[in-house]
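# build the 3D model from these lines:
(chains A and B)
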Amino acid sequence: GAGVSQSPSNKVTEKGKDVELRCDPISGHTALYWYRQRLGQGLEFLIYFQGNSAPDKSGLPSDRFSAERTGESVSTLTIQRTQQEDSAVYLCASSPSDWYTDTQYFGPGTRLTVL
Amino acid sequence: AQSVTQPDIHITVSEGASLELRCNYSYGATPYLFWYVQSPGQGLQLLLKYFSGDTLVQGIKGFEAEFKRSQSSFNLRKPSVHWSDAAEYFCAVGAGGGGNKLTFGTGTQLKVEL
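Model (predicted):
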């Protein structure tokens, strides 16, 4: 079946512009996670959604970052007034639930470059 | 707070040789441990995971990992490496319970010499 998809695969933007990144999770997966992978570093947790519960935003680095999810479907991560330090690969993952035994399935990522 | 250390940034092995990638974690409670592989242009793929029970865990593609609580380690091993194993490998620890946020190490880049 279809895996997690993300769009765009690459995004180049100018400093100060807003960007939106999209994630389509695997159908039926109630949990959705966003991570950031900076060059030479591991993945950093940003935010996660579980069903209709309030999202856990504890990993968002600043108030310029926000994310939405409609029900158990598509999620968008928005970065306002982008800065050069926002350049990274943004990865989305989904899992059947947010329980620790459930595997997170990752998308291919969106590479964001802020000039 | 939980953390993961992968001390080797790059490792080069010859095809057919054995492989061990190191992972050390810091976590106050029972750790939930994972190894993921990331090939160029691909998303992360789960190799194996440990929650409890037998400390030697078998995964896909011939990989295994051993959980050693006394050493806070979860090293990944493969007896004979194939050229297609060249990729970046990430160790991760999960928070457990509801909301399985993963904390990842910085990764080990594996190069396989033919």
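# going forward, measure contacts between C-alpha atoms and count neighbours the same way
Will do.
# contact partners for the residue nearest the centre of chain A?
Nearest to the geometric centre of chain A sits residue A:34, at 3.2 Å (Cα atoms, centre = their mean). Contact analysis of residue A:34 by Cα atoms under 8 Å, 6 or more residues apart in numbering or on different chains lists A:45, A:46, A:47, A:48, A:90, A:91, A:92, A:93.
# of those, which ones also sit close to chain B?
Contacts with chain B within the contacts of residue A:34, counted by Cα under 8 Å from any Cα of the partner chain: A:45, A:48.
# buried sites along stretch A:69-79?
A:69, A:72, A:73, A:74, A:75, A:76, A:77, A:78, A:79 (16 or more other Cα atoms under 10 Å in any protein chain shown).
# next, give me the two most distant ones among the residues you listed.
Maximum pairwise distance in the buried residues of stretch A:69-79, criterion Cα to Cα, is 21.5 Å, between A:72 and A:79.
# interface residues of chain A facing chain B?
Applying Cα under 8 Å from any Cα, we find that chain A lies next to chain B at A:33, A:40-45, A:48, A:50, A:98-101, A:103, A:105-109.
# what is the lowest-pLDDT residue among the buried residues of stretch A:69-79?
Least confident of the buried residues of stretch A:69-79 in the model: residue A:72, at 81.
# residues touching that residue, list them.
Contacts of residue A:72 by Cα under 8 Å, 6+ apart are A:28, A:29, A:30, A:31, A:51, A:52.
# of these - the most surrounded one?
residue A:31 (26 neighbours; other Cα atoms under 10 Å in any protein chain shown).
# ok, now which ones touch it?
Residue A:31 neighbours (Cα under 8 Å, 6+ apart): A:48, A:49, A:50, A:51, A:72, A:94, A:95, A:96, A:97, A:98.
# which ones among these are found in strands?
Those of the contacts of residue A:31 mapping onto strands are A:48, A:49, A:50, A:94, A:95, per DSSP state E.
# which parts of chain B sit against chain A?
That would be B:32, B:41-46, B:51, B:90, B:94-107, which are the residues of chain B within reach of chain A (Cα under 8 Å from any Cα).
# just put the ones in strands among the contacts of residue A:31 in CSV and tack on neighbour count.
Converted to CSV, those look like this (neighbours: other Cα atoms under 10 Å in any protein chain shown):
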residue, neighbour count
A:48, 26
A:49, 25
A:50, 24
A:94, 29
A:95, 25
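# can I get these in JSON lines with distance to residue B:73 and pLDDT?
JSON lines is the format used below for those (distance: Cα to Cα, whole Å; pLDDT from 0 to 100):
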{"residue": "A:48", "distance to residue B:73": "27", "pLDDT": "92"}
{"residue": "A:49", "distance to residue B:73": "30", "pLDDT": "93"}
{"residue": "A:50", "distance to residue B:73": "30", "pLDDT": "91"}
{"residue": "A:94", "distance to residue B:73": "27", "pLDDT": "95"}
{"residue": "A:95", "distance to residue B:73": "26", "pLDDT": "93"}
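# alright, that wraps it up for me.
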